[in-house]
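Asks: next comes the sequence, and after it the predicted model I'd like to discuss.
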Protein chains: 2
Amino acid sequence: MRDELLPGTLDMLILKALSLAPMHGYAIAQHLRQVSQEVLRIEEGSLYPALQRVLAKGWVKAEWRESPTKRRARYYTITAAGRKQLGQEVASFGRMAQAIQRVLRQT
Amino acid sequence: MRDELLPGTLDMLILKALSLAPMHGYAIAQHLRQVSQEVLRIEEGSLYPALQRVLAKGWVKAEWRESPTKRRARYYTITAAGRKQLGQEVASFGRMAQAIQRVLRQT
DNA sequence: GTCATATGCATAGTCTGCCTAGGTAAAGCC
DNA sequence: GGCTTTACCTAGGCAGACTATGCATATGAC
């Protein structure tokens, strides 16, 4: 088990964050960290490759803008395909997590 | 997201199964599949390398015996270190799963 | 008898995907 | 000027699950 993340869930978490509002990469990491109460800490070396992945798959669109702090930032927006993918991943995750919980509850 | 498993949880699931009773590999796979109601399907190419791993780490012991079906089978028994590891992994998984659920519940 | 199926173990090679470690750069504060 | 924070990115490595394959034995169907 890794320390910061359940492997395989990163794309889903990114899509979920973007389903609330368009965000730039750094803000996604902060959002996840905050909402998860510091449990999920997304490293930059994980985050940016993941964003390239979801971009390449057409689940998000990207656009360069200026962040509130005046720096250039790449804003990502979830697409319709991305929302569909998100739904599937959430369902799949729920199924898995429940199955694992069933195993762990056994006595 | 892979189809059959949340990556990173396999060792934990194996240790959990063995914490109930010593078992051979094939039986572990069947047990997990059954308890999870067919959701967790452990492929043999995942299972046996995983058993080697937990064996190498001292979390289980192995012993050749005869299975109820008269075939030779390698029975695994969890060790004290294995139980400790299991406890840590369960705690860690719970923390992660809860954090992810918090993210997914956001609106 | 033999053929299929289920049981049981194992490895080689591949691929995905996260991590470590590095680099760039601008804004704000002291 | 130097430090911290914000913001992006890539190269290289490594862990771990998957596919594909091979071997062997017991049981039941035919």
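Replies: Yep, that arrived.

Asks: from now on I want contacts and neighbour counts done on CA atoms only, so please keep to that.
Replies: OK.

Asks: angle of the host helix or strand of A:Ala81 against helix B:80-105?
Replies: Assessed by DSSP states H and E, A:Ala81 sits inside helix A:80-105. Angle, helix A:80-105 to helix B:80-105, by axes from the mean of the first three to the mean of the last three C-alpha atoms, to 10 degrees: 150 degrees.

Asks: by contact count, what packs against helix A:80-105?
Replies: helix A:10-20, helix B:10-20, helix B:25-35, helix B:80-105 (3 or more C-alpha pairs under 8 Å, 6 or more residues apart in numbering or on different chains; DSSP states H and E).

Asks: roughly how far apart are the residue positioned nearest the centre of chain A and A:Met96?
Replies: The centroid of chain A falls nearest to A:Ile14 when counting by C-alpha atoms, centre = their mean (1.7 Å). The gap separating A:Ile14 from A:Met96 is 19 Å, by C-alpha to C-alpha, to the nearest Å.

Asks: paired strands for the helix-or-strand element of chain A with minimal mean pLDDT, with orientation please.
Replies: Lowest by mean pLDDT, DSSP states H and E among the helices and strands of chain A is strand A:60-66, with a mean of 93. Using DSSP bridges, the strands paired with strand A:60-66 are strand A:72-78 (antiparallel).

Asks: OK, contacts around the residue lying closest to A:Trp64 once chain neighbours are set aside?
Replies: Distances taken as C-alpha to C-alpha, 6 or more residues apart in numbering or on different chains place A:Arg74 nearest to A:Trp64, at 4.4 Å, with adjacent residues excluded. By C-alpha atoms under 8 Å, 6 or more residues apart in numbering or on different chains, the contact set of A:Arg74 is A:His24, A:Gly25, A:Ala62, A:Glu63, A:Trp64, A:Arg65.

Asks: do A:Gly94 as well
Replies: Not one residue lies near A:Gly94 by C-alpha under 8 Å, 6+ apart.

Asks: tell me which of the helices and strands packed on helix A:80-105 sits nearest to DNA strand D.
Replies: DNA strand D sits nearest to helix B:10-20 of all the helices and strands packed on helix A:80-105, at 4.4 Å, using C-alpha to the nearest atom of the strand.

Asks: quickly check: that closest one near DNA strand C or not.
Replies: No: Helix B:10-20 lies out of reach of DNA strand C by C-alpha under 7 Å from any atom of the strand, never closer than 12.4 Å.

Asks: need the contact partners of that helix.
Replies: By C-alpha under 8 Å, 6+ apart, helix B:10-20 touches A:100, A:103-104, A:107, B:28, B:31-32, B:50-51, B:54, B:59-60, B:76-78, B:82-83, B:86, B:89-90.

Asks: repeat for stretch A:52-60
Replies: Counting by C-alpha under 8 Å, 6+ apart, A:11, A:15, A:61-62, A:76-83, A:85 sit against stretch A:52-60.

Asks: of these, buried ones?
Replies: A:Asp11, A:Leu15, A:Lys61, A:Ala62, A:Tyr76, A:Thr77, A:Ile78, A:Thr79, A:Gly82, A:Arg83, A:Gln85 (16 or more other C-alpha atoms under 10 Å in any protein chain shown).

Asks: right, and the pair among those with maximum separation?
Replies: A:Ala62 and A:Gln85 (17.3 Å; C-alpha to C-alpha).
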